[in-house]
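K.L.:
make a model of this:
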Amino acid sequence: MGLAKKLFRDLPTLSVLSVLLLGPIGMMSCKQIYLKSIGADRVEAEEQQFKVDFDTAWSSILDALKSYRLDLSNRDSGNIVTRWKDNTAERNLMDGDGIIRPYIKAQFRFLVSVSRTKIKGEDVMRIKVRKEQTVLSDPMDEARLIESDYVQERTLLYRLSKIIEQKSKLHELDKIRVDRELKRAASEAVLPGESSAPQAEIPSSVPEL
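P.N.:
All right, here's what the predicted structure looks like:
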């Protein structure tokens, strides 16, 4: 009984010590649970494979992102990161009720990567697109990541596929044109041992002097 009374008497002190010592750990755990609940730790991305060479894939990605300013463009690693772009009005329209604006600031950026891979023995380019979206609801809080609905990623991949398709057709037309020019040049070329100048006709009989 004496031990129980002592524990109950010291309970407030122990609670304070627990908060001081375990508070940061508890806050971190709660934060991790919260991040998982909103999908902030997810790294899922939309991806698509294209049967093109790396140069075509890379230039097509740059064309598809020409309306965005780039923060990173590393051709060697195949990674591109756009700068953060404000979309507060769009997010409030999507997540608000028309009266209350849930966010005072919202912004997003794209992370795009291209890598070589093989599918059924064929070389293809695997392009991944991921969007990071942050929102700020309270000026006293920090911006938080929210899970993407993947609409913009799919839209960007669709635009990219059309650009790649157009570039591939242009490359094919250029190849056909070059082949025709080579064949025409070969057909017009002078064979070895033959002279391009017309030869004088030799008479069948020589007149007597």
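
K.L.:
can you pull out the strands in the protein?
P.N.:
Counting by DSSP state E, the chain has strands at residues 46-50, 70-74, 79-82, 85-86, 105-119, 122-136, 144-146.

K.L.:
what's the closest of the ones you listed to Lys162?
P.N.:
strand 46-50 (11.5 Å; Cβ to Cβ). Quick note: C-beta positions are derived from backbone N, CA and C, even for glycine.

K.L.:
which neighbouring elements make contact with the closest one?
P.N.:
On a contact count with 3 or more Cβ pairs under 8 Å, 6 or more residues apart in numbering; DSSP states H and E, strand 46-50 meets strand 122-136, helix 151-188.

K.L.:
tell me which helix or strand in this protein has the weakest average pLDDT.
P.N.:
Sorting the helices and strands of the chain by mean pLDDT, DSSP states H and E puts helix 11-38 at the bottom, at a mean of 40.

K.L.:
where in this structure is pLDDT low?
P.N.:
1-43, 190-209 (pLDDT under 70).

K.L.:
90 - rerun?
P.N.:
1-45, 96-101, 118-123, 171-172, 174-209 (pLDDT under 90).

K.L.:
circling back to that earlier point, any idea which of the helices and strands packed on strand 46-50 is most buried?
P.N.:
Highest mean neighbour count of the helices and strands packed on strand 46-50: strand 122-136, a mean of 18 (counted as mean count of other Cβ atoms under 10 Å).

K.L.:
quick one: strands adjacent to that one?
P.N.:
strand 46-50 (antiparallel), strand 105-119 (antiparallel), strand 144-146 (antiparallel) (DSSP bridges).

K.L.:
can you add distance to Trp58 and give the strands of the chain back as CSV?
P.N.:
Formatted as CSV, the strands of the chain follow (distance: least, Cβ to Cβ, whole Å):
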stretch, distance to Trp58
strand 46-50, 11
strand 70-74, 9
strand 79-82, 9
strand 85-86, 22
strand 105-119, 6
strand 122-136, 9
strand 144-146, 28
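
K.L.:
which one of the ones you listed lies closest to Ala189?
P.N.:
Closest to Ala189 of the strands of the chain, according to Cβ to Cβ: strand 122-136, at 35.3 Å.

K.L.:
that closest one to helix 151-188, inter-axis angle?
P.N.:
150 degrees (axes from the mean of the first three to the mean of the last three Cα atoms, to 10 degrees).

K.L.:
what sits opposite Ile80 in the beta ladder?
P.N.:
Assessed by DSSP bridges, Ile80 has beta-bridge partners Ser73, Val112.

K.L.:
report the contact partners of it.
P.N.:
61-62, 65, 70, 72-74, 110-113 (Cβ atoms under 8 Å, 6 or more residues apart in numbering).

K.L.:
most neighbours of all the residues you listed, which one?
P.N.:
Val112 (26 neighbours; other Cβ atoms under 10 Å).

K.L.:
doesn't Asn79 make contact with that residue?
P.N.:
Yes - using Cβ atoms under 8 Å, Val112 is in contact with Asn79, at 7.4 Å.
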